[in-house]
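>>> Sharing a model that was predicted from the sequence below.
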Amino acid sequence: MRSAIVIDPTSATAIHVQIYESWRKGILAGRFRRGERMPSTRELSASLGVARGTVAQAYEQLLAEGYLQTQRGAGTFVCGELPDTLGQPLRVSPTISTASMDFRLSKYAERLDEDFRYAPQPAGFILFSRWVPDTDAFPVALWRKSMARALHAPASTLLNYARDPQGYEPLRQEVAAYLSRSRAVQCTAEQVVILNGSQQALDFCARLLAEPGDSVAFENPGYLGTRRIFTACGLQLQPARVDEEGIVIGDLHKQSRLVYVTPSHQYPTGVAMSLQRRLELLAWARKHRAVIIEDDYDSEYRYSGPPLPALQGMANDAPVVYCGSFSKVMFPSLRIGYVVLPPQLVTPFNRAKWIADRHTPIVEQIALTDFLSEGHLERHIRRMRKLYGKRRQVLVDALQKQFDEDVQIYGDAAGMHVMARFDDKAVYARALRNKVQIVNASDLYLGKAPGNEYLFGFSSVSERVIREGIKRLAK
Ligand SMILES: Cc1ncc(COP(=O)(O)O)c(C=O)c1O
């Protein structure tokens with residue numbers, strides 16, 4: 001039981017009376033449950049910093065009045081039955097005046113508009129509305145082993161604040177090596193900062209690289225998670241179209257300080273940015289002293305041809321902050337992501353991390369290092385690429401079979417979702433009626449959306465259920 005007692009040493013009321021009153025009120029108000037164990041007089045006197053005799057005096061009074069009872073050898077408890085003479089226990093009533101709760105919020109707080117990220121998942125629905133890893137296919141036993149091994153690290157490592165906010169050094173080494181192997185990112189471990197997912201990376205970019213009121217270029221359509229961060233930070237979003245080669249350079253405003261892009265697999269259209277466009281974007285950013293934020297959120301899952309190299313690795317001096325995450329290749333609740341930074345930006349990111357939350361939890365970082373160094377991650381990715389690749393094919397085939405020329409499918413070369421544009425305008429209504437959840441891409445556009453475009457996440461839906469879902473859509 002928490003003592004939850006506050007003593008006022010300056011009060012004219014004796015301390016034992018204050019203790020007595022606090023417990024009495026707490027018991028009557030139901031804050032301390034009947035039958036609950038009381039701290040011993042020794043524990044309570046130590047936690048309050050008062051003499052043990054003072055606490056004992058208060059307990060004696062509570063015992064005498066029937067609020068407490070003792071059990072030989074077991075300790076002191078809140079009485080199971082309160083004396084009748086006390087009448088109805090006082091409950092804490094929710095009578096706090098709402099006028100006094102009229103807090104003034106900051107502009108930042110007022111600009112926050114998202115409560116929960118995911119739409120509710122109604123029972124009986126086939127859900128194409130999430131592009132998350134299939135948790136049933138994750139090697140949980142191996143992860144448990146890595147976690148167990150991590151817990152054997154010396155107590156001084158496990159229990160203290162980490163030595164530096166940048167992240168566990170062996171993990172940064174593993175991440176740098178992995179990115180160089182798989183994504184052609186050019187970096188050393190000194191340029192890697194471990195963060196709580198890409199979301200924190202994007203949040204820090206917005207705070208550290210732009211001022212409220214600054215203009216930032218944003219793919220249109222684009223990722224809502226980033227859009228909400230930029231909006232909350234008071235940045236002015238400049239939408240730039242996405243064509244079959246990626247973000248349209250002609251749409252960029254020269255005063256934009258940041259350009260947010262998803263070049264490997266544009267979110268949500270799935271377009272891969274062409275080499276020519278990448279070079280143009282790099283040249284544009286250099287010319288206008290803008291920073292490119294490369295969000296490489298799901299590029300590990302490329303189904304045809306080798307993975308596309310990252311924009312970051314195309315030049316030594318690319319003005320790029322590369323953001324990556326373990327949410328798609330491991331599981332999202334891990335909350336571990338990273339940024340790869342030009343060396344000059346490492347210190348500001350480290351400072352921001354220290355101020356925000358000190359560092360990412362250490363046990364998970366150690367376990368992840370083990371998981372990577374044992375080769376489990378890359379084996380898992382190879383297996384998932386096959387699994388998701390088959391599901392993607394089943395989805396594409398089913399859409400084409402059911403809708404034939406009435407559907408155009410985008411972005412199926414990579415990732416965990418596709419975007420489909422239908423000629424048939426009744427698809428969404430039919431989806432709802434037939435219990436299929438799909439995501440309307442219109443929400444991802446700034447300004448007017450073309451309409452009738454929907455996203456289909458396939459990574460965590462079985463082949464059988466995918467076929468059934470698309471059949472229901474076409475009915
Ligand atoms: C475009 C994009 N970026 C980043 C993320 C990953 O976010 P996090 O690493 O915070 O889980 C997602 C997740 O859905 C995403 O869709």
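Perfect, thanks for sending it.
>>> And the next helix or strand past the longest helix seen in the chain?
Looking across the chain with DSSP state H, the single longest helix is helix 376-403. Reading on from helix 376-403 to the C-terminus, the next helix or strand found by DSSP states H and E is strand 407-410.
>>> Mind listing what's buried along that next one?
407, 409-410 (16 or more other Cβ atoms under 10 Å). The way it works is simple: take the backbone N, C-alpha and C, and place the C-beta from them, glycine included.
>>> Would you mind listing the buried residues in stretch 233-252?
Neighbour-count burial for stretch 233-252, with 16+ other Cβ under 10 Å as criterion, is recorded at 233, 235-240, 242, 245-247, 252.
>>> Quickly check those residues for the two that are furthest apart.
When the buried residues of stretch 233-252 are compared pair by pair using Cβ to Cβ, the two farthest from each other are 233 and 245, 29.2 Å apart.
>>> Which positions in this structure make contact with the ligand?
Residues of the chain found near the ligand, taking Cβ under 6 Å from any ligand atom as the criterion, are 197-199, 223, 225, 262, 267, 295, 297, 325, 327, 332, 337.
>>> Mind checking which of these are in strands?
Of these, the ones assigned to strands by DSSP state E are 295, 325, 337.
>>> Who wins on neighbours among those residues?
For those, neighbours were counted by other Cβ atoms under 10 Å; the highest total belongs to residue 295, with 28 neighbours.
>>> Please report the confidence value the model assigns to that residue.
According to the model's per-residue confidence, residue 295 sits at a pLDDT of 98.
>>> ok, it to residue 310 distance?
Distance check for residue 295 against residue 310: by Cβ to Cβ, to the nearest Å, it reads 11 Å.
>>> Ok, residue 259 next?
As defined by Cβ to Cβ, residue 259 lies at a distance of 15 Å from residue 310.
>>> Over to residue 380?
Residue 380 sits 21 Å away from residue 310, going by Cβ to Cβ.
>>> who's more crowded, the two?
Applying other Cβ under 10 Å to residue 380 and residue 310 shows that residue 310 carries more neighbours, namely 26 against 19.
>>> Now the more buried one: closest residue in space that isn't a chain neighbour?
The spatially closest residue to residue 310, leaving aside those adjacent along the chain, is residue 183, at 4.5 Å (Cβ to Cβ, 6 or more residues apart in numbering).
>>> what about the one you found, how many neighbours?
Count around residue 183 with other Cβ under 10 Å applied: 22.
>>> Which residues are in contact with it?
Contact analysis of residue 183 by Cβ atoms under 8 Å, 6 or more residues apart in numbering lists 296, 299, 307, 309-310, 313, 324.
>>> how about a cut-off of 10 Å?
With contact taken as Cβ atoms under 10 Å, 6 or more residues apart in numbering, residue 183 is in contact with 264, 296, 299-300, 307-313, 322, 324, 340.
>>> Of the residues you listed, which belong to strands?
Among the contacts of residue 183, the members found in strands (DSSP E) are 322, 324, 340.
>>> On the strand side of things, show who the second one bridges to.
Here residue 324 shows beta-bridge partners residue 338, assigned using DSSP bridges.
>>> how much space between it and residue 344?
Between residue 324 and residue 344 the distance, using Cβ to Cβ, works out to 20 Å.
>>> go on, residue 256?
20 Å.
>>> Give me the more crowded residue out of those two.
Higher neighbour count among residue 256 and residue 344: residue 256, with 24 against 7, using other Cβ under 10 Å.
>>> Give me the number of neighbouring residues for residue 145.
Residue 145 - counted by other Cβ under 10 Å - has 16 other residues nearby.
>>> about what we covered before: of the contacts of residue 183, which is the most crowded?
Neighbour counts for the contacts of residue 183, by other Cβ under 10 Å, peak at residue 324, which reaches 31 neighbours.
>>> Just the pLDDT at that one, thanks.
Each residue has a pLDDT score; the one for residue 324 is 98.
>>> OK, contacts around it?
Neighbouring residues of residue 324 by Cβ under 10 Å, 6+ apart: 175, 178-179, 183, 185, 192, 195, 197-198, 201, 294-300, 310, 312, 336-340.
>>> Now the phi/psi pair for residue 122, please.
phi -60, psi 140 (degrees, to the nearest 10).
>>> Which one of the residues in the stretch 101-250 of the chain is closest to the ligand?
Nearest to the ligand in the stretch 101-250 of the chain, going by Cβ to the nearest ligand atom, is residue 197, at a distance of 2.8 Å.
>>> Number of residues surrounding that residue?
Residues within reach of residue 197, counting by other Cβ under 10 Å, total 22.
>>> Tell me the confidence at it?
Here, the pLDDT recorded for residue 197 equals 97.
>>> Can you tell me how far the residue lying closest to it once chain neighbours are set aside is from residue 204?
If the residues on either side of it in the chain are set aside, residue 197 comes closest to residue 337, at 4.3 Å by Cβ to Cβ, 6+ apart. The spacing between residue 337 and residue 204, counted by Cβ to Cβ, is 11 Å.
>>> Identify the contacts common to these two.
Listed contacts common to residue 337 and residue 204 are 193, 195, 323; contacts here mean Cβ under 10 Å, 6+ apart.
>>> Give the bridge partners for the second one, please.
Spelled out, it's residue 195. Under the criterion DSSP bridges, residue 195 forms beta bridges with residue 337.
>>> Can you give me the separation between it and residue 336?
As for residue 195, its distance to residue 336 is 8 Å (criterion: Cβ to Cβ).
>>> now the helices for the stretch 151-300 of the chain?
Along the stretch 151-300 of the chain, the stretches classed as helices by DSSP state H, counting those that start in this stretch are 155-159, 169-183, 197-209, 224-232, 275-288.
>>> Check which helices and strands the fourth one sits against.
Spelled out, that is helix 224-232. With contacts defined as 3 or more Cβ pairs under 10 Å, 6 or more residues apart in numbering; DSSP states H and E, the packing partners of helix 224-232 are helix 107-111, helix 197-209, strand 215-220, strand 236-243, strand 258-261, strand 291-295.
>>> May I see those arranged in JSON lines, with distance to residue 283 as well?
As requested, the helices and strands packed on helix 224-232 are exported to JSON lines (distance: least, Cβ to Cβ, whole Å):
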{"stretch": "helix 107-111", "distance to residue 283": "33"}
{"stretch": "helix 197-209", "distance to residue 283": "19"}
{"stretch": "strand 215-220", "distance to residue 283": "15"}
{"stretch": "strand 236-243", "distance to residue 283": "16"}
{"stretch": "strand 258-261", "distance to residue 283": "12"}
{"stretch": "strand 291-295", "distance to residue 283": "11"}
